[in-house]
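**Student:** build me a model from this:
(chains A and B)
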Amino acid sequence: MRAQRVGIEVSRAIAIAAKLANVDVVSAYPITPQTHIVEDIAELVANGELDAAYIPVESEHSAMSACLGASAVGARTFTATAGQGLELMHEVLYIASSMRLPIVMAVANRALSAPLSIWGDHSDVMAARDTGWIQIFAANGQETFDSVLCAFRIAEDQRVLLPVMVNLDGFHLTHMIEPICIPEQSEVDKFLPPYQYPLPLDPDKPITMGAFAPPYIYTETKKAQQVNLTAAKEVILQCWREFGDLFGRYYSPVEGYHCEKAKVLLLVMGSFSETAMSAIDTLRGEGKEVGLIKLRLWRPFPFDEIRRAVRDAEVLIVLDRALSFGGPGGPVCSEIRSALYNEDKKPKVIGFVGGLGGRDISPGGFKEIINRGIEISQTGSEQEFEMFGVRE
Amino acid sequence: MTKSEGELTWRGLEIGSIITEPGNASQYQTGGWRTQRPIHDTSRCIKCGLCAIFCPEGCIEPNAEGYFEPNLFYCKGCGICARECWTQAITMVEEEE
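**Tutor:** Numbering: from 1, shown residues only, chains lettered A, B, ... in the order given. Model (predicted):
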């Protein structure tokens, strides 16, 4: 197959990415808005187009548990989930990262019940923030496709050996038909070497995985994990550089749009950043010095890159699509505030929470957010954050 | 992984804290959990071995004379042996040290 640009639903492109990555095992449970991803993979396996074991399971807890076992014997392992499914996996997510199993998972970000919402926001992944996974946010279909390929390379790097979550907005991305460049198998093979786990489960060489750790050693295991995840950033940067050299598309943990001389910056994650770009264009057209920051890498958190990106701005407006109830508002804003706290030169940080449960924010909405953020920064606000677009 | 508690650092751990040496749980001193210790009175012991059968830790074995003795490196002091002993040859006493 020649490299080609095709119009394809993003979910289906993810299935193709898994196929091009030549995954060995896929274990998944269907849940909206992730369903098309795993349906397509099941079809590829059933058609004989992908030589992989597809394990249908009775829940997401089982899906992730099956992934653990598959990855532990040295199989390249993929799964996908969303919303409640990610929460049902929760305890197993920690085990995957603590046991250093390089599973790759696409998360079709979805709101959490109740009330039941199948639509998108970032509540699901933010609840999984501290599970020790590498977490990447994609802004469009091509980024999602590329991120899945990169995720295998990053996860399986012998310096990393950690699971990777590729986040894409439920419906806003999963169900969109976008033009996506699908590379040739030979190009992917060049980029993605065969997976070799250094200490796989092997009856001839018995080992124990996930043994208990008494108090005298547990802290050491967590320190090792923390150092390992933090150090993964260098490998991620290297992977993205090499991916760019091969495929011509370059990625970075923090990406700017019209940030030059911007006094006001808006920070957004995921597909909403594409809409926000339109708002920035309009405001720039009106002569306002505003720019956009897209945060692509959420874990490990890119402290240096964020500090550098916002240092010269006067106001930084952060939009979260998740709410920490009774807390500081959005988790992203909260972390960015904390990352900047000890800096001498830093912008005022204004937090908004919006776009919950699939509610759209239009370019006009982002304009409103930016203008309101500027207003708050000038008048001073006692609040930690504001919820955007709530009917009073 | 055969290093003692104080020697093992975070740098010395295998990937994902994998244990590469089978059976090394035998080096784990569960006797440290004990608040009571079983004392065997050989004058009452009939060498039936019921204490060894009931011991959840499997740490009671006959000595050279056939009397049953707990291995205090593993004995957690649960007292099941004392409770089950037909002849009440086992008494649990407080660990003083």
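**Student:** how about the helices in chain B?
**Tutor:** With DSSP state H as the definition, chain B shows helices at residue ranges B:50-54, B:80-84.
**Student:** okay, now the residue lying closest to residue B:28 once chain neighbours are set aside: neighbour count?
**Tutor:** Spatial nearest neighbour of residue B:28, excluding adjacent residues (CB to CB, 6 or more residues apart in numbering or on different chains): residue A:214 at 7.3 Å. Bear in mind the C-beta positions are built from the backbone N, C-alpha and C, glycine included. Close neighbours of residue A:214, defined as other CB atoms under 10 Å in any protein chain shown, add up to 11.
**Student:** how about the residue lying closest to residue A:355 once chain neighbours are set aside, what does it touch?
**Tutor:** Distance criterion CB to CB, 6+ apart; nearest residue to residue A:355, sequence neighbours excluded, is residue A:321 at 4.5 Å. Counting by CB atoms under 8 Å, 6 or more residues apart in numbering or on different chains, residue A:321 makes contact with A:109, A:120-123, A:269-270, A:272, A:330, A:353-356.
**Student:** gap between residue A:321 and chain B?
**Tutor:** 32 Å (CB to the nearest CB, to the nearest Å).
**Student:** please apply the same query to residue A:34.
**Tutor:** 27 Å.
**Student:** over to residue A:27?
**Tutor:** 19 Å.
**Student:** CA atoms of the helix or strand harbouring that residue as CSV?
**Tutor:** Under the criterion of DSSP states H and E, residue A:27 resides in strand A:25-28. Provided in CSV are the C-alpha atoms of strand A:25-28 (Å, rounded to 0.1, in the frame of the first residue of the first chain):
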residue,chain,number,x,y,z
VAL,A,25,-3.3,-8.7,21.1
VAL,A,26,-6.4,-6.5,21.3
SER,A,27,-8.7,-6.8,24.3
ALA,A,28,-11.5,-4.4,24.5
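**Student:** beyond that strand, next helix or strand please.
**Tutor:** helix A:35-46.
**Student:** relative to the whole chain's centre, how far out is that following helix?
**Tutor:** How far helix A:35-46 lies from its chain's middle: 21 Å, per CA atoms, centre = their mean, to the nearest Å.
**Student:** buried stuff in that helix?
**Tutor:** Neighbour-count burial for helix A:35-46 flags A:35, A:36, A:37, A:38, A:40, A:41, A:42, A:44, A:45 (criterion: 16 or more other CB atoms under 10 Å in any protein chain shown).
**Student:** if I look at the fourth one, how far off is residue A:136?
**Tutor:** With distances taken as CB to CB, to the nearest Å, residue A:38 is found 19 Å from residue A:136.
**Student:** how about the last one?
**Tutor:** Between residue A:45 and residue A:136 the distance is 25 Å, computed by CB to CB.
**Student:** ditto for the third one
**Tutor:** Per CB to CB, residue A:37 is found 16 Å from residue A:136.
**Student:** do the first one as well
**Tutor:** Between residue A:35 and residue A:136 the distance, using CB to CB, works out to 21 Å.
**Student:** hmm, back to that, relative to residue A:313, which of the helices of chain B is closest?
**Tutor:** For the helices of chain B, the distance to residue A:313 is smallest for helix B:80-84, at 68.0 Å, taking CB to CB.
**Student:** just checking, what packs against that closest one?
**Tutor:** Contacts defined by 3 or more CB pairs under 8 Å, 6 or more residues apart in numbering or on different chains; DSSP states H and E place helix B:80-84 against helix B:50-54, strand B:90-94.
**Student:** how does it look with 10 Å?
**Tutor:** strand B:36-40, helix B:50-54, strand B:90-94 (3 or more CB pairs under 10 Å, 6 or more residues apart in numbering or on different chains; DSSP states H and E).
**Student:** name the residues that touch stretch B:8-16?
**Tutor:** Around stretch B:8-16, the neighbours that count as contacts under CB atoms under 10 Å, 6 or more residues apart in numbering or on different chains are A:72, A:95-101, A:158, A:161-162, A:197-199, A:207, A:209-210, A:213, A:216-217, A:219-228, B:1-3, B:17, B:19-21.
**Student:** what's the ChimeraX syntax to select whichever of those residues are buried?
**Tutor:** Written as a ChimeraX command, the selection of buried residues from those, which uses 16+ other CB under 10 Å, is:
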select /A:72,95,96,97,98,99,100,101,161,162,197,199,207,209,217,220,224,225,228 /B:1,17,19
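**Student:** dump stretch A:231-241 to CSV, restricted to CA.
**Tutor:** The C-alpha coordinates for stretch A:231-241 follow below in CSV (Å, rounded to 0.1, in the frame of the first residue of the first chain):
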residue,chain,number,x,y,z
ALA,A,231,12.6,10.7,32.2
ALA,A,232,10.3,9.4,29.5
LYS,A,233,9.9,13.0,28.3
GLU,A,234,13.3,12.9,26.6
VAL,A,235,12.4,9.7,24.7
ILE,A,236,9.0,11.2,23.7
LEU,A,237,10.8,14.3,22.3
GLN,A,238,13.2,12.0,20.4
CYS,A,239,10.4,9.9,19.1
TRP,A,240,8.5,12.9,17.8
ARG,A,241,11.7,14.3,16.1
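**Student:** touching chain B at all, that stretch?
**Tutor:** No. Applying CB under 10 Å from any CB of the partner chain, one finds stretch A:231-241 out of contact with chain B, separated by at least 12.5 Å.
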